[in-house]
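Novice: how would this look folded up:
(chains A and B)
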Amino acid sequence: MSFIKPKLETRHGDIFLPAFMPDATYGFIRCISFKDAETVGVSEIVTTTLHLEQKIGSKFIKDFGGIHKYLNWSRPIFSDSGGWQVFSLINAKNNPRNLHRLSKVGATFINPINGTSSLITPETSIQIQLNIGSDVLTVLDNPVHVNSSLAEQKRSVEINTDWARRAKKYFDNNKDSETLKISCVVQGGDNFELRKRSALELTEIGFDVYNFGGLPLNWSDQLWRVRQQKEVKTTFFREMLEYVSSILPVGTIKYAMGVGKPVDIAFCVDVGWQIFDTVLPTRNARHGLLFVSEGQGDDNFEYLSKSKKRFAYDHLHLKSARYIKDDRPVDENCDCECCRSVSRAYLRHLIRMKEPSGLRLATIHNLRFYIKWMEKISDQIGND
RNA sequence: CCGGGGAUGGCGGAGUGGUCAAUCGCAUCUGACUGUAAAUCAGACGUCCAAGGGACUACGGAGGUUCGAAUCCUUCUCCCCGGA
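Specialist: I've put the predicted structure just below:
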């Protein structure tokens, strides 16, 4: 019995699902080239409206000939809307409150360097993304703190739906190609009812892709700020991811934004999510934490699928002194440039020295791990 | 030889009577990282222990003053600067 892989069609090619996209927030994947990304097996990437607009300018990109030409990347590009980025800045350490804010009007961002303020509305966010030339756009969304009052959380979902409606309308009136896709973002924090309401309202409007927004973590009443200052353990919110997936209509394409650890991705695929992006492989690579096959590292992680298949891997804390003389490759089972060319001992040295060539190799390895992980999951979960 | 200035924990460098096992930076060790303002951040960092509490040894060496010294005095050793 043959199985046809589900896919999302874009004007820059099909995205076969499930898929993992590295983040190219500023128009690049940190520490590696797009040539590297292609070699590693990356097929699609995500970039960000707010950052591109601020650092490059969407008009410039449009005049240049579009983001694909600018980056010299001919495969699909997703773009994030900017809502999450402002939300993150509001809550970031070292960023006083009330500078950046999310209001009914839109997302206000203050550049801390020159103090200039920019307002992104549902309409301007879409326009910027159209200018950029993204293949899958995202509506401006309105994330909310899980520790906000119920009233605030309700309000946030209302605004989120309102913005999605406005963005969709603007998109329909201004899109320059019928093959462009648009995604919306289900919000509602850790409240099941609000999540349901958000999902249903967005479904009613109608989008090409439905995203899970907010941090997919179970906070257990812990404040985010507290978590950043102390060490508060958070766990992946499996129940909520499974629930929201079940609310969304069968056949829709579902994208779990910011997910996640390999085990979390495996779980999400098991409950119906198909697209993922996270900073973990690239950032952790720079910080010396490498994802390796089982038995190759320090800590072991595993996911047991609903059909009782086991997926496991290890974390390798390469900066640790115990690898100072280790002449083995990072992962003996890996075929990436990093594992074929340098020893753990030497890569450890490069990373500790923050040497770009070492950060590049580590990033290549972790992305290769994620790509292969997705292939493994794709072959074995839900395809029986 | 004379005059002046110094010697502080792996390194650099604060501190000039008690709140000093000693600010801070670097290095080191450990840990975090989930739609990237994260090549970042947090903790540890004299020794030992029944270990978030306690004991011991410490600011070049040796004495001394004092209830109490990294801090004041004497002396020794070494280093730097100037003069013979």
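Novice: Next one: stretch A:206-221, is it in contact with RNA strand B?
Specialist: Yes. Stretch A:206-221 lies within reach of RNA strand B by C-beta under 7 Å from any atom of the strand, at A:211, A:213-217. Yep, even glycine has a C-beta here, placed from its N, CA and C like the rest.
Novice: same thing with stretch A:16-29?
Specialist: Yes. Against RNA strand B, stretch A:16-29 shows contacts by C-beta under 7 Å from any atom of the strand at A:22-23, A:25, A:29.
Novice: Just to be sure, which of the residues you listed are found in strands?
Specialist: Using DSSP state E, no member of those sits in strands.
Novice: Save the residues you listed as CSV, and put in pLDDT and neighbour count too.
Specialist: Shown next, in CSV, are those (pLDDT from 0 to 100; neighbours: other C-beta atoms under 10 Å):
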residue, pLDDT, neighbour count
A:Pro22, 98, 24
A:Asp23, 97, 22
A:Thr25, 96, 20
A:Ile29, 98, 25
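Novice: Pull up the gap between the nearest residue to A:Ser341 once chain neighbours are set aside and RNA strand B, please.
Specialist: With sequence-adjacent residues excluded and distances taken as C-beta to C-beta, 6 or more residues apart in numbering, A:Ser341 is closest to A:Leu361, at 7.2 Å. Distance, A:Leu361 to RNA strand B, using C-beta to the nearest atom of the strand, to the nearest Å: 12 Å.
Novice: on contacts alone, who are the packing partners of the one helix or strand A:Leu361 maps to?
Specialist: If you go by DSSP states H and E, A:Leu361 is part of helix A:356-380. Helices and strands touching helix A:356-380, by 3 or more C-beta pairs under 8 Å, 6 or more residues apart in numbering; DSSP states H and E, are strand A:19-21, helix A:34-40, helix A:262-270, helix A:280-286, strand A:289-293, strand A:310-317, helix A:337-341, helix A:344-352.
Novice: buried sites along the one helix or strand A:Tyr255 maps to?
Specialist: Using DSSP H and E, A:Tyr255 falls within strand A:253-257. Neighbour-count burial for strand A:253-257, counted by 16 or more other C-beta atoms under 10 Å, picks out A:253-257.
Novice: Compare the residues of stretch A:206-221 next to RNA strand B and tell me which has the most neighbours.
Specialist: Most neighbours among the residues of stretch A:206-221 next to RNA strand B, by other C-beta atoms under 10 Å: A:Gly213, with 29 neighbours.
Novice: my read: that one touches A:Ser81, true?
Specialist: No. The pair A:Gly213 / A:Ser81 is not scored as a contact, 9.9 Å apart, by C-beta atoms under 8 Å.
Novice: Tell me which residue of the stretch 101-250 of chain A lies closest to RNA strand B.
Specialist: Taking C-beta to the nearest atom of the strand, RNA strand B has its nearest neighbour within the stretch 101-250 of chain A at A:Gly213, 3.5 Å off.
Novice: Just list the residues touching that residue, thanks.
Specialist: Counting by C-beta atoms under 8 Å, 6 or more residues apart in numbering, A:Gly213 touches A:84, A:141, A:143, A:185-187, A:257.
Novice: Please repeat the previous calculation with a cut-off of 7 Å.
Specialist: The contact partners of A:Gly213, by C-beta atoms under 7 Å, 6 or more residues apart in numbering, come to A:141, A:143, A:185-187, A:257.
Novice: do A:Met257 as well
Specialist: A:Met257 neighbours (C-beta under 7 Å, 6+ apart): A:211-213, A:277.
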